[in-house]
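# sequence first, then the predicted structure, then my questions.
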Amino acid sequence: MASPLAHAQQAVEPNPADNPEQSSKLPEITVRATALDNYAAPVASTGTKTDVPLQDTPVNVQVVTQQLLIDQSALTLDQALTNISGVTSAFQSGSVQDLIVRGFDTNQVLFLDGVRIYDHYGNGIQNLADLDRIEVMKGPAAVLYGEAEPGGIVNLVSKVPDASGYSSVEQRVGSWSQAIFRFDTTGPIDAQRDILYRIDGSWENSESWRDGVWARTVFVAPAVTWNLTPSTQVSLKYVYDRSPGAIDNNQVVPIADGRLVEIPRHVNFSDPGFTYQKNIMSRAVLSLLQRFGNDWSLKLQATDYSARSEGLVVNSAPFIEPGTPGNVGNGYNILLADGSYSVSNEKTKAVSADLIGHFGVGQIENTLLVGADFSKYTEPLYSIFNAPDFVGVNLPVDMTVNVPIPLDPDPADALTANQLILDKGVYVQDQVKLPGGINLLAGLRYQDWHNDASAYFMGGQLIYGGSTYDSSAVTPRIGAVYALTRSFSIYALYSDGFYPNQGFDYRAQPLKATGADDREIGVKYLSDGGRLQAVASAYYLTKTNVPAPDVNHPVDGTYPFDTTIGAERSKGVEFDLRGEILPGWKLIATYAYTDARVTKDTNSIATTGIPSTVGDRLANVPWNMASVWSTYDFHCGRDAAWTVGAGIVARGDSLDVTNQLSVPGYATVNAMIRYADMWGSRRVSVQFNVDNVLDRHTLLFGYPYQQFYPNTAGVVYGNPRSFTLNAKLEF
C-alpha cells in the first residue's frame, strides 16, 4: 500500500542515465511520486515544458500543491490562488471565473494540462477534484503557448495514474447546506503493473448565502496509462462535469454622489424561479510518450474539449434613481436590461508535439525542445431575448426584489452566430548549462492566428455581416541564471507576448495584434533537500498595440474606427516563500506591489470629447497584496497527529474601469484544525476549516456596467464567514 502522503505528479522525464538498471522500467521513467506533505515544488513543467529544476530557469513559476489545497479545503481557483503573489480574482458572474495576473486580465482563458481553454460564455466554476496542482507562470507565455495575455497563465495539472496504489473517500459538509462527496482511486490493473488506472470523482449539492443560488454537480475523471514497452507509454484521460445551478449574474449596486450605495450582500436581483444555467463539460486527452534511448523523447498529445451552457439569464441594469420619471417608491428601482434563453457550445480541439533532447558538448549540457501545436475553437451561440421589465423596486428602503418576470420570448427574435478560431505555432527552445553555475535559456516561436466570426442574425434578419481576422507574430524569450551559492541564484529574463485584436481600422484592415515585452530580474532560493523555496522579483511589463479611437479619421463627428497606438504598463515587485521552515512547520508568505496603468491613449476632451485615460490605474488591481498561511503538525503517538493552521489574505484598495469609484482594501483571516490517525492499515482524518473568521465584508468590481449606465456598478461580493467539516478515509 502506498503512503497516503504520496501521489503521482504530472509525468515529467528525468534522465535515467545515472542509473542504467532502472532505464528499462517505464513507470520509473515517466511517473514521479512526490511527497504531499509540503508546499514547495522544486520542479514544474509549465515554464519550460521540460524537467529542468525551477532553480536553474530564469522563469518565475509558482505552484499551489495538493497539500495546500487540502489544508485550506479550497474548492475554487480564486481561493487557491490567494497563495500566489500578484494574482487576484476578477469574477464577473457566478458562472464565469476570470483572473488577473500582474495587473492584466486573463480574459477567461485557462490552461488544462498545457492546453488553452476558452470560457467566453460562463461554463461554470472549474472543478478542482482531479487536480494535482496549479502552476502559475508569470509574464508573457507566448514563446511556448502562443495567444495569451501578458501577465501570465494559469495551468491546471491533473492527477495521473500511480503504480503504487492509493484510494480515498471523503465527505464534506459546510455552511449553507453544502454537501460534497469525493473519491479517488489509483493503482495497477495487471500483475506486471504495465497498465495503470485512476478515477477521481465528486458530487455536490449546495445552497448559497446569496438569495436563490444553488449548485448540483456531478464530476468524474477516469484515466488509464499503458506501458506498451519499456520506452513507449500511451495515456488516455476523460473528464465529465455536469453542473446545473441558479447562477449569480446580478451583483450590481447603484451609484450616488460618486459612491456605491450599500445593498445587503445576500440580495440577488435575479428571480430565483427564473434564472438557471446547466453546464456540461467533457474533455478527452490522448497522449503518447516515446523514448529514444536515455536522452531523447517525443510526446504527442490530442485534446477534445467541449463545454455546453444552456439557461435562462437575467441581466439587471440600469437603476432608476429616486425622484426621477418612472421611479416607483422612495428608493432605487432596478430594470431588467434583458432576460434571455441562451445556448452556447464551445469546443476546442488541440494537438501538440514536443521533442526533448539532452546532449552535451564538452562541459556544456543542453536540454533542447522543438515543438508544434494546433488548436481549433468553435463557438456557436443561440439566444432569445425578453422585453425589459422591473426586477426590483424601492431599494434599499424595503428591499422589494425578485418581482416575477413574464418570460414570453418569441423564437422569431432569436440571435444566432458562430465563431471559428484557428491557432497554430512552431517553437524551439534551448536550455544550456555552463560551467561555473551559469544556466542560459533561449527560445523562439512563430505564431499564426485566424478568427472567422460569422454573421449575426436576429429573427432571421442580418444585423452584422461577419468578419475575418488574421494575425501572426514571432515571439522570442531569452534569460540567464547565475548560481551564487548552492541555495541562492540570480536571474534575468526578457520575453515577448502576443494576443490578437478584433476590429478594423479606417482602411477596413484588421487591427494589429497586441504585443508585449517583459523585463524581469530576481533572486531564487532553494534549501538543501528542496523543502523550502523563495523567489523575489522585479519586473517592467508593457502591453502594446492596445486599441484606441482613431481621432484622425472621424465620420460625422464620431470615431467609429480604432487604431492600435494605445499602451498599458505594469511594473512591480513580488515575493513568494513556500515550504517547510522546520520539521512539521509549513509556511507560505507572499507579497506583491503592482503599479498597472494606461500609458498611451488617443482620447481627449478636445478631440473625442472623452477624457484621456493616460495615467489611469487598471481595474481591480490593488497597489499592495499579501498573504500568509502556516500550519504545524503535533504528533501525539506513533501514527496520530494534530495539525493546526491559520492565515491572512490582505488586499489594498482598487479602482473600477472608470477610475471614478473605489473599493476599500481588506484583510480576512482563515483557520483550520485536523486530527489524523491510523485505523488498521487505513488513515482516518477529520478536518475543520473556518474561512473569513472575522466575517469581513469584501468587494471587488465585476462587469463594468458603469461604462454604459453611469448610475450602475457591477460588483463581486466576497464570501461571508463559513464553516467546513471534512472526514476522509485513505487506504
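That came in fine, so what should we check first?
# from the chain's centroid, how far away is the biggest strand by length in the chain?
Taking DSSP state E as the criterion, the chain has its longest strand at strand 332-361. Here the centre of strand 332-361 is set off from its chain's centre by 11 Å, with C-alpha atoms, centre = their mean, to the nearest Å.
# ok, now stretch 457-475?
Counting by C-alpha atoms, centre = their mean, stretch 457-475 comes out at 27 Å from the chain centroid.
# then stretch 198-215?
The offset between the C-alpha centroid of stretch 198-215 and the centroid of the whole chain comes to 19 Å, using C-alpha atoms, centre = their mean.
# for that stretch, buried residues please.
Buried residues in stretch 198-215, counted by 16 or more other C-beta atoms under 10 Å: 198-202, 204, 206, 208, 210-215. Every C-beta, even on glycine, is put in place using the N, C-alpha and C of the backbone.
# same deal with stretch 558-573?
By 16+ other C-beta under 10 Å, the buried positions in stretch 558-573 come out as 559, 561-564, 566-573.
# likewise for stretch 536-550?
Buried residues in stretch 536-550, defined by neighbour count with 16+ other C-beta under 10 Å: 536-537, 539, 541-550.
# same question for stretch 321-333.
Buried, per 16+ other C-beta under 10 Å, within stretch 321-333: 321-322, 327, 331-333.
# hmm, Q55 is touching F488, no?
No: at 9.3 Å, Q55 does not count as touching F488 under the criterion of C-beta atoms under 8 Å.
# common neighbours of those two, please.
K524 (C-beta atoms under 8 Å, 6 or more residues apart in numbering).
# those two - which one has more neighbours?
Counting neighbours by other C-beta atoms under 10 Å for Q55 and for F488 shows that Q55 has the greater number, 21 against 14.
# and the nearest residue to that one once chain neighbours are set aside, bridged to which residues?
Computed as C-beta to C-beta, 6 or more residues apart in numbering, the closest residue to Q55 that is not its neighbour in sequence is L526, at 4.5 Å. L526 has these beta-bridge partners by DSSP bridges: Q533.
# which ones are touching L526?
Residues in contact with L526 (C-beta under 8 Å, 6+ apart) are 42, 53-55, 487, 532-533.
# which strands border the helix or strand R198 falls within, and is each parallel or antiparallel?
Assigned by DSSP states H and E, R198 belongs to strand 195-206. Using DSSP bridges, the strands paired with strand 195-206 are strand 178-188 (antiparallel), strand 214-229 (antiparallel).
# give the rounded mean pLDDT of the last one.
Per-residue pLDDT over strand 214-229 has a mean of 95.
# that strand: what's the following helix or strand?
strand 232-246.
# that next one - contacts with which helices or strands?
Strand 232-246 makes packing contacts with helix 26-30, strand 214-229, strand 276-292 when contacts are defined by 3 or more C-beta pairs under 8 Å, 6 or more residues apart in numbering; DSSP states H and E.
# what residues of the second one count as buried?
So that's strand 214-229. Across strand 214-229, burial judged by 16+ other C-beta under 10 Å covers 214-215, 217, 219-227.
# what's the angle from it to strand 232-246?
170 degrees (axes from the mean of the first three to the mean of the last three C-alpha atoms, to 10 degrees).
# just want the angle from strand 214-229 to strand 276-292.
Put simply, strand 214-229 runs at 10 degrees to strand 276-292, going by the same axes, to 10 degrees.
# export strand 214-229 to CSV, keeping only CA atoms.
The C-alpha atoms that make up strand 214-229 are tabulated as CSV, following Å, rounded to 0.1, in the frame of the first residue of the first chain:
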residue,chain,number,x,y,z
TRP,A,214,-27.7,26.7,-5.7
ALA,A,215,-25.5,24.1,-7.3
ARG,A,216,-25.9,20.4,-8.1
THR,A,217,-22.6,19.0,-9.6
VAL,A,218,-21.6,15.6,-10.8
PHE,A,219,-17.9,15.1,-11.8
VAL,A,220,-15.9,12.1,-12.8
ALA,A,221,-12.4,11.7,-14.3
PRO,A,222,-11.2,8.2,-15.3
ALA,A,223,-7.7,7.8,-16.7
VAL,A,224,-5.6,4.9,-17.8
THR,A,225,-1.9,4.6,-18.7
TRP,A,226,-0.5,1.6,-20.7
ASN,A,227,3.2,0.9,-20.7
LEU,A,228,3.4,-0.8,-24.1
THR,A,229,7.2,-1.3,-23.9
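# export the buried residues of stretch 536-550 to a markdown table and append columns for distance to R682.
Listed next are the buried residues of stretch 536-550 as a markdown table, based on distance: C-beta to C-beta, whole Å:
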| residue | distance to R682 |
| --- | --- |
| A536 | 43 |
| S537 | 44 |
| Y539 | 48 |
| L541 | 49 |
| T542 | 55 |
| K543 | 53 |
| T544 | 57 |
| N545 | 58 |
| V546 | 57 |
| P547 | 59 |
| A548 | 62 |
| P549 | 66 |
| D550 | 68 |
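# in strands only, show me those residues.
536-537, 539, 541-549.
# dump the residues you listed to JSON lines, plus pLDDT and distance to G371.
Converted to JSON lines, those look like this (pLDDT from 0 to 100; distance: C-beta to C-beta, whole Å):
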{"residue": "A536", "pLDDT": "98", "distance to G371": "31"}
{"residue": "S537", "pLDDT": "98", "distance to G371": "26"}
{"residue": "Y539", "pLDDT": "98", "distance to G371": "26"}
{"residue": "L541", "pLDDT": "97", "distance to G371": "25"}
{"residue": "T542", "pLDDT": "97", "distance to G371": "27"}
{"residue": "K543", "pLDDT": "95", "distance to G371": "25"}
{"residue": "T544", "pLDDT": "92", "distance to G371": "26"}
{"residue": "N545", "pLDDT": "91", "distance to G371": "26"}
{"residue": "V546", "pLDDT": "90", "distance to G371": "29"}
{"residue": "P547", "pLDDT": "85", "distance to G371": "31"}
{"residue": "A548", "pLDDT": "80", "distance to G371": "35"}
{"residue": "P549", "pLDDT": "79", "distance to G371": "39"}
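# which of those residues sits closest to A671?
Proximity of those to A671 (C-beta to C-beta) peaks at A536, which lies at 27.8 Å.
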